[in-house]
Structure formats: structure tokens, C-alpha cells
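**Q** after the sequence you'll find the predicted model.
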Amino acid sequence: MSPDMHGSTVLVTGGTGGIGLATATGLAGLGARVGIVGRSAERGAAAADAVRRTVPAAQVDVFVADLS
């Protein structure tokens, strides 16, 4: 049985690619609202679109920030 993340909000740093994008997609698939943090607005928008293609009902927000 998968955990139910409905009603949860998660923030994924590095969510524009690789493991971060996979994490954001997986959490969205469990029902969480997902915030993707990345350094590029363009890559963030592309990542959000990718999550929505996989999980059409996903609630995804993009935050541009350099946390280095």
C-alpha cells in the first residue's frame, strides 16, 4: 500500500532534473502538492510540465533560487 500524501506540501531542491525530478514526480503521484526549486526559470517550467505530463492532476509550483 502506497502512502497517501494528499494535503501535504513538499519542497524539492534540485527538482529540475535527475533524482530531484523523479522525486517530485513520485511525490506528486502520491497526491502531494510539489514545489520545485531550481536556479533556472526555464528548467523549472520544463520540469513542472514533465511532472504534469506524468501526473495530470499534479499541483506543481516553481521557485527560482540559488541555494549554493
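**A** All right, it came through fine.
**Q** which SSE is the residue most central in space within the chain in?
**A** In the chain, the centroid-proximal residue (Cα atoms, centre = their mean) is Ala24; its distance is 3.4 Å. For Ala24, the host element (DSSP states H and E) is helix 18-29.
**Q** just the strands in the protein please.
**A** 9-13, 33-38, 60-64 (DSSP state E).
**Q** most packed of those?
**A** Burial of the strands of the chain is given as mean neighbour count (mean count of other Cβ atoms under 10 Å); strand 33-38 ranks first at a mean of 23. For every residue, glycine as well, the C-beta is placed using N, CA and C.
**Q** list the strands paired with that one, with their directions.
**A** Taking DSSP bridges as the criterion, strand 33-38 pairs within the sheet with strand 9-13 (parallel), strand 60-64 (parallel).
**Q** next, the angle from it to helix 18-29.
**A** 160 degrees (axes from the mean of the first three to the mean of the last three Cα atoms, to 10 degrees).
**Q** nothing else from me, thank you.
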